[in-house]
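Peer 1: Here you go, sequence then predicted model.
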Amino acid sequence: MLLWLSEKVEVLEFHGALSVRSATDSFQLPAVLRLNRYIHKRYVNRVRFCRENIYMRDKHTCQYCRVEFPYRQLTLDHVYPLSRGGRHNWTNVVTACGPCNNRKADKTPAEAKMPLMNLPVEPKFLPSVQISPRFQALPNEWIPYLPKLVPG
Ligand SMILES: [Zn+2]
């Protein structure tokens, strides 16, 4: 409310039935806000480079055989092998199933004739909070602004 009244945000949607009262006025309760100023990128955390996030970037899919596996059957593969000077970073590490990882061993994808499904990149964003459409408190006013929710 303070951000709105001091014009730091613009209200795009209001909660239909809800309002708040001051001594003299009544305000409809904002549901969706837009910041009037761009928040500089340096305040945004980079996605942490870790096993879970690499699997998530690759959608739990082996980047060689293109099959989705449960977490415990996945491994990390260094595209350009560590043993030959490959780096341990976003652009050299991909999700692989155990058999593909063993088959590739310390070869490059070209040498192993195992082309990558996607070129590995550093993700800008990974959804850390999943909003379920079954979450009862999810206001209708938010729906148009959220990524497409998958029913079920
Ligand atoms: Zn595989």
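Peer 2: Nice, thanks for sending it over.

Peer 1: tell me which element Gln28 is part of?
Peer 2: For Gln28, the host element (DSSP states H and E) is strand 26-35.

Peer 1: for the protein, what spans make up the strands?
Peer 2: With DSSP state E as the criterion, the chain has strands at 9-21, 26-35, 74-78, 93-97.

Peer 1: Could you single out the most deeply buried of those strands?
Peer 2: Mean neighbour count (mean count of other CB atoms under 10 Å) peaks for strand 93-97 among the strands of the chain, with a mean of 25. Using the backbone N, CA and C atoms, a C-beta is placed for each residue, glycine as well.

Peer 1: how about the nearest residue to Ala112, chain neighbours excluded?
Peer 2: Nearest residue to Ala112, sequence neighbours excluded (CB to CB, 6 or more residues apart in numbering): Lys104, at 4.6 Å.

Peer 1: what do you get for Lys124?
Peer 2: Nearest non-adjacent residue to Lys124, counting by CB to CB, 6+ apart: Val47, 7.3 Å away.

Peer 1: Report the separation between the residue located most distally from the centre of the chain and the ion.
Peer 2: Going by CA atoms, centre = their mean, the residue of the chain most distant from its centre is Thr24, 43.8 Å out. Distance from Thr24 to the ion, counting by CB to the ion, to the nearest Å: 67 Å.

Peer 1: How about the backbone phi and psi for that residue?
Peer 2: As for Thr24, its main-chain torsions (degrees, to the nearest 10) stand at phi -110, psi -20.

Peer 1: What strands flank the strand holding Gln28, and is each parallel or antiparallel?
Peer 2: In the sheet, strand 26-35 lines up against strand 9-21 (antiparallel) (DSSP bridges).

Peer 1: Tell me how far the strand it pairs with lies from the chain's centre.
Peer 2: Its chain's C-alpha centre and that of strand 9-21 lie 28 Å apart, by CA atoms, centre = their mean, to the nearest Å.

Peer 1: contact partners of it?
Peer 2: Residues from elsewhere that reach strand 9-21, judged by CB atoms under 8 Å, 6 or more residues apart in numbering: 1, 3-4, 26-36, 139-142, 145.

Peer 1: still on that earlier bit, so the residue nearest to Ala112 makes contact with Gly98?
Peer 2: No: between Lys104 and Gly98 there is no contact under CB atoms under 8 Å: 11.0 Å.
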